[in-house]
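**Q** Build me a structure from this.
(chains A and B)
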Amino acid sequence: DGGITQSPKYLFRKEGQNVTLSCEQNLNHDAMYWYRQDPGQGLRLIYYSQIVNDFQKGDIAEGYSVSREKKESFPLTVTSAQKNPTAFYLCASRLAGTLTDTQYFGPGTRLTVL
Amino acid sequence: AQSVTQPDIHITVSEGASLELRCNYSYGATPYLFWYVQSPGQGLQLLLKYFSGDTLVQGIKGFEAEFKRSQSSFNLRKPSVHWSDAAEYFCAVGAGNTDKLIFGTGTRLQVFP
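**A** Okay, here's the model as predicted:
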């Protein structure tokens, strides 16, 4: 059963703690993406990776970090430097074989800072 | 820089009525355009996409969208809405490729029986 999985579905964090969100895909997609979603603001790109061991900052990378050690995995760490981390986080992936390959999304992780 | 505007934050329709959700984009060349749907607490599901060719594209769940270059629009339509269509709808644009998408702020659709 192919797809994108994100875990956990809900995550609670105390202020000052780092937390890591998991994103795994078994679609053999090359590119992976992390978005942040806030009410009324749509989706904003945090980081993206087109190949293993390489990634680029998106529009709102401050306070976040990523790694891409395996093709199927792209974890996102929300650090204590992120001033307002409470949000819904979406991971996506894309085959990237052509210019027009579609991005497909995982089910999301809702992070709440207590 | 490219941008996407969804002018309607919230739309309410009766079940069985027709629907049109508006999307305007800003991009100098031919854009890659997408409509995604999101149910509460879920990820985004692709409804349809436009890259080139026929400007009227058909998608899943009975949705269609029309690309109008002269109006920089890519409005989503459905002739008869079902209660299960209640969700949030996002328009997105890719500038020359689909690697970096710019999303609109979304339109929340409410359907009354």
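**Q** any idea of the pLDDT on the residue positioned nearest the centre of chain B?
**A** Most central in chain B under C-alpha atoms, centre = their mean is residue B:35, positioned 3.7 Å from the mean C-alpha point. Per-residue confidence at residue B:35 stands at 98 (pLDDT).
**Q** Ok, residue A:1 next?
**A** Taking residue A:1 on its own, its pLDDT is 58.
**Q** Residue B:92 too?
**A** Listed pLDDT for residue B:92 reads 95.
**Q** tell me, what residue is most central in chain A?
**A** residue A:34 (2.8 Å).
**Q** give me the element that one is part of.
**A** strand A:31-37 (DSSP states H and E).
**Q** what does chain A put close to chain B?
**A** Counting by C-beta under 8 Å from any C-beta of the partner chain, the residues of chain A close to chain B are A:4, A:6, A:31, A:40-45, A:48, A:50, A:58, A:90, A:92, A:94, A:96, A:99-108, A:110. Using the backbone N, CA and C atoms, a C-beta is placed for each residue, glycine as well.
**Q** List only buried entries from these.
**A** A:4, A:6, A:31, A:42-45, A:48, A:58, A:90, A:92, A:94, A:96, A:101-108 (16 or more other C-beta atoms under 10 Å in any protein chain shown).
**Q** The chain: strands as residue ranges?
**A** Reading this off chain A. Per DSSP state E, chain A carries strands over the ranges A:4-7, A:10-13, A:19-25, A:31-37, A:43-51, A:54-57, A:64-66, A:76-78, A:87-94, A:104-105, A:109-113.
**Q** you looked at the wrong chain, it should be chain B
**A** Under DSSP E, chain B gives strands at B:3-5, B:10-14, B:19-21, B:24-26, B:32-38, B:44-50, B:56-58, B:64-68, B:73-78, B:87-94, B:101-103, B:107-112.
**Q** Using TSV, lay out those together with distance to residue A:71.
**A** As requested, the strands of chain B are exported to TSV (distance: least, C-beta to C-beta, whole Å):
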stretch	distance to residue A:71
strand B:3-5	30
strand B:10-14	40
strand B:19-21	36
strand B:24-26	32
strand B:32-38	24
strand B:44-50	22
strand B:56-58	31
strand B:64-68	33
strand B:73-78	32
strand B:87-94	22
strand B:101-103	21
strand B:107-112	35
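**Q** Columns distance to chain A on top of the ones you listed, output as CSV?
**A** Formatted as CSV, the strands of chain B follow (distance: least, C-beta to the nearest C-beta, whole Å):
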stretch, distance to chain A
strand B:3-5, 8
strand B:10-14, 10
strand B:19-21, 14
strand B:24-26, 13
strand B:32-38, 6
strand B:44-50, 4
strand B:56-58, 13
strand B:64-68, 14
strand B:73-78, 15
strand B:87-94, 6
strand B:101-103, 4
strand B:107-112, 10
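**Q** Can you say which of those is nearest to residue A:62?
**A** Residue A:62 sits nearest to strand B:101-103 of all these, at 19.1 Å, using C-beta to C-beta.
**Q** what's the closest one packed up against?
**A** strand A:43-51, strand B:3-5, strand B:87-94 (3 or more C-beta pairs under 8 Å, 6 or more residues apart in numbering or on different chains; DSSP states H and E).
**Q** So which of these is the most surrounded?
**A** strand B:87-94 (a mean of 24; mean count of other C-beta atoms under 10 Å in any protein chain shown).
**Q** That one pairs with which strands?
**A** Looking at strand B:87-94 with DSSP bridges, its partner strands are strand B:32-38 (antiparallel), strand B:101-103 (antiparallel), strand B:107-112 (antiparallel).
**Q** Sweet, I'm off.
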